[in-house]
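Enquirer: I need the structure of the sequence given here:
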Amino acid sequence: MASNVKGEFTKLSGKVIFDPQNLASSSVEAVIDTARLSTREPQRDTHLKSPDFFEVAKFPTLTFKSGQIYRAGAQLVIKGDMTMRGVTKEIVLTVDGPTPELKDPWGNLRSVRRPARTSTGKTGGLTGTRRSKPEGSWWATK
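Expert: Reported below is the predicted structural model:
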């Protein structure tokens with residue numbers, strides 16, 4: 001039996017280089033600590049970290065590195081390689097925004113990018129990577 005479960009990875013790191021005038025020079029890299037998975041249900045978290053799913057002891061990170069970034073209407077499309085459990089597949093991220101830059105209270109320029117959808121495509125095969133309209137936003141500082 002399968003079901004949809006909300007959860008999050010509470011520790012990740014990465015780098016976003018975004019040049020709206022030259023998307024070819026833009027890039028995204030991310031490293032997610034799979035041990036920091038939380039569904040707010042300890043027994044389920046233990047099972048998801050087991051060899052049945054993420055196999056955290058053997059594969060402590062999930063990584064993403066963009067290969068191509070381009071516009072599709074008002075959205076950005078980010079194609080790149082995701083590595084999970086030692087297997088690398090191309091995925092496509094669709095991102096709403098970015099919003100116009102605004103100064104925060106400390107004088108930094110900020111804009112928001114919101115992930116709209118993740119897809120592994122017809123040849124993908126990464127179970128659990130499809131998500132539509134996730135909550136939250138990505139902040140970027142210039």
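Enquirer: So, low pLDDT: which residues of the protein?
Expert: Applying pLDDT under 70 to the predicted model, the residue ranges of the chain that meet it are 1, 99, 111-142.
Enquirer: residue boundaries of the strands in it?
Expert: Under the criterion DSSP state E, strands of the chain are mapped to 8-9, 12-17, 27-33, 37-38, 61-72, 75-84, 87-96, 102-103, 109-119, 131-132, 138-141.
Enquirer: Contacts for the longest one, please.
Expert: When you say that, I think you mean strand 61-72. Under the criterion Cβ atoms under 8 Å, 6 or more residues apart in numbering, residues 9, 14, 23-24, 26-34, 54, 76-84, 90-91, 94 lie in contact with strand 61-72. C-betas here are computed from N, CA, C, even on glycine.
Enquirer: Any idea how far that strand is from the middle of the chain?
Expert: Relative to the chain's own centre, strand 61-72 is displaced by 9 Å; criterion: Cα atoms, centre = their mean, to the nearest Å.
Enquirer: Tell me the strands beside that strand, with direction?
Expert: Sheet pairing here is set by DSSP bridges, and for strand 61-72 it gives strand 27-33 (antiparallel), strand 75-84 (antiparallel).
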